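Peer 1: Fold the stuff below for me.
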Amino acid sequence: MEHAAVIRTTAEMSVGRACMFAALGIWAACFGFITWPVAALRLAAILTTLALVVLIYKAVQAPRRPFRRTEVWILVRKSVDLPDAVAQQLISQALQETFWRPLRWDHGTDPMAVRWRVLASRRQGRILMGRDIGQG
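Peer 2: Got it, this is the predicted structure:
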């Protein structure tokens, strides 16, 4: 396997693991609000949007981050022997592509749709399924 493929696979594993930990944290926070389903959905929408913003920020910052300070480098440094400039380029590019990938899969529409639905229903005095606040 060539160096770029090893770095790309390692970046996918690293970012995927971080995303799963974020999803676990969002689930745990929402589970704490299980008796208030509307609050749990709002919290999920807000935290998911925050996770998407963090992914965007990390994708933008990836080219400027020193490759030696990344988890990818820690995982591949013994198996990949590259000059510093090439390693910087390969790791930065792999991380940037990997950070953008979850955003491309759902285009940010699912979390944003939930968030905007909650905000719109709140402004109209309604809660999610169109019920009035006073009925609930």
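Peer 1: Now do the buried residues in stretch 73-83.
Peer 2: The neighbour-count check on stretch 73-83 (16 or more other C-beta atoms under 10 Å) flags 73, 75, 76, 80, 82 as buried. Just so you know, the C-beta spots here come from the backbone N, C-alpha and C atoms, and that holds for glycine as well.
Peer 1: meant to ask about stretch 87-106
Peer 2: For stretch 87-106, burial by neighbour count (16+ other C-beta under 10 Å) applies to 87-88, 90-102.
Peer 1: Just put the buried residues of stretch 73-83 in a markdown table and tack on pLDDT, secondary structure and distance to residue 55.
Peer 2: Shown next, in a markdown table, are these (pLDDT from 0 to 100; DSSP: H, G, I helix; E, B strand; the rest coil; distance: C-beta to C-beta, whole Å):
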| residue | pLDDT | secondary structure | distance to residue 55 |
| --- | --- | --- | --- |
| 73 | 91 | helix | 20 |
| 75 | 89 | helix | 20 |
| 76 | 89 | helix | 22 |
| 80 | 81 | coil | 25 |
| 82 | 86 | coil | 26 |
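Peer 1: ok, those vs residue 29, which is closest?
Peer 2: Nearest to residue 29 among these is residue 75, at 28.8 Å by C-beta to C-beta.
Peer 1: got the contact list for the closest one?
Peer 2: Counting by C-beta atoms under 8 Å, 6 or more residues apart in numbering, residue 75 touches 10, 13, 14.
Peer 1: Could you rerun that using 6 Å?
Peer 2: If you count contacts by C-beta atoms under 6 Å, 6 or more residues apart in numbering, residue 75 has them with residue 10.
Peer 1: Residue 31 versus that one, what's the distance?
Peer 2: According to C-beta to C-beta, to the nearest Å, residue 75 stands 31 Å off from residue 31.
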